[in-house]
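A.B. asks: Just a sequence and a predicted model for now, questions to come.
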Amino acid sequence: MMDFMVSLPNGENVVLVGHSYGGFSISLAMECFLEKISVAVYLTAFMPNCSAPPATLLQQSLSAISSFLDSEIVYDSSNLPVSLLFGPKFLVANVYNDSPRKDQELAKTLVRRAGIYLNDLSKPLLTKNKYGSVTRVFIISGDDLTLTVDFQKYMIENSPPKEVKFIAGSDHMVMTSKPIQLYLTLQQIAYKYG
């Protein structure tokens, strides 16, 4: 994403959308390229604040999940998680819980191990002057069992965006559980802020 932001001509703005862990990516882009971003949309995504390192949110969310079922977590020598692979049972029960079965089955075949990057995210990375000055919209996913509604609201309270949208009946993968509602919501945001 950073290469794309660098290549964007001056005077041309984008609407950035970050989903889940992608919230960290768009936050870093906001810090570096605030003049190129019309609005940043957090789609049931990690939305850090300027006062705490982003790793704080990640650690809180990991500890809030009561069971990772058949997922695999790799730890380093300090017992910090370094990567995570969601298992098929966890995907169906917690990530794609409202999505069509065909999407659940496809997800099981496409899932990949994800880095957690706690060390990289444990430094203060965001400032009010940059990240804090970009317009943000948060989209709450109503049936998300990965980043629960309570956790989404917690992030909103600790780093208030300009606007909050809500998509009822959507799981963590809003793009498969409520694709039309997501499209319409993103379209509204783009017209309003783009």
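C.D. replies: Good, I have the coordinates. Numbers count the residues shown, from 1 in each chain.

A.B. asks: Run through the residues that contact the nearest residue to Gln104 once chain neighbours are set aside.
C.D. replies: The spatial neighbour of Gln104 that comes closest, neighbours along the chain excluded (C-beta to C-beta, 6 or more residues apart in numbering), is Tyr96 at 4.5 Å. C-betas here are computed from N, CA, C, even on glycine. Shown here is Tyr96, whose contacts under the criterion C-beta atoms under 8 Å, 6 or more residues apart in numbering are Asp103, Gln104, Ala107, Asp171, His172, Met173, Thr176, Ser177.

A.B. asks: try 7 Å this time
C.D. replies: Each residue near Tyr96 by C-beta atoms under 7 Å, 6 or more residues apart in numbering is listed here: Asp103, Gln104, Ala107, Asp171, Met173, Thr176.

A.B. asks: Also Leu16?
C.D. replies: By C-beta under 7 Å, 6+ apart, Leu16 lies in contact with Ile26, Ala29, Ile37, Ala40, Val41.

A.B. asks: secondary structure element for the last one?
C.D. replies: It stands for Val41. strand 37-43 (DSSP states H and E).

A.B. asks: Direction included, what does that strand pair against?
C.D. replies: Here strand 37-43 is paired, per DSSP bridges, with strand 14-19 (parallel), strand 136-141 (parallel).

A.B. asks: mind putting the ones you listed in CSV, distance to Leu69 and mean pLDDT included?
C.D. replies: Formatted as CSV, the entries for those read as follows, by distance: least, C-beta to C-beta, whole Å; pLDDT from 0 to 100:
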stretch, distance to Leu69, mean pLDDT
strand 14-19, 22, 98
strand 136-141, 20, 98
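
A.B. asks: out of the ones you listed, nearest to Val111?
C.D. replies: strand 14-19 (14.9 Å; C-beta to C-beta).

A.B. asks: next one: the closest one to chain centre, how far?
C.D. replies: Using C-alpha atoms, centre = their mean, to the nearest Å, the mean C-alpha position of strand 14-19 is found 10 Å from that of the whole chain.
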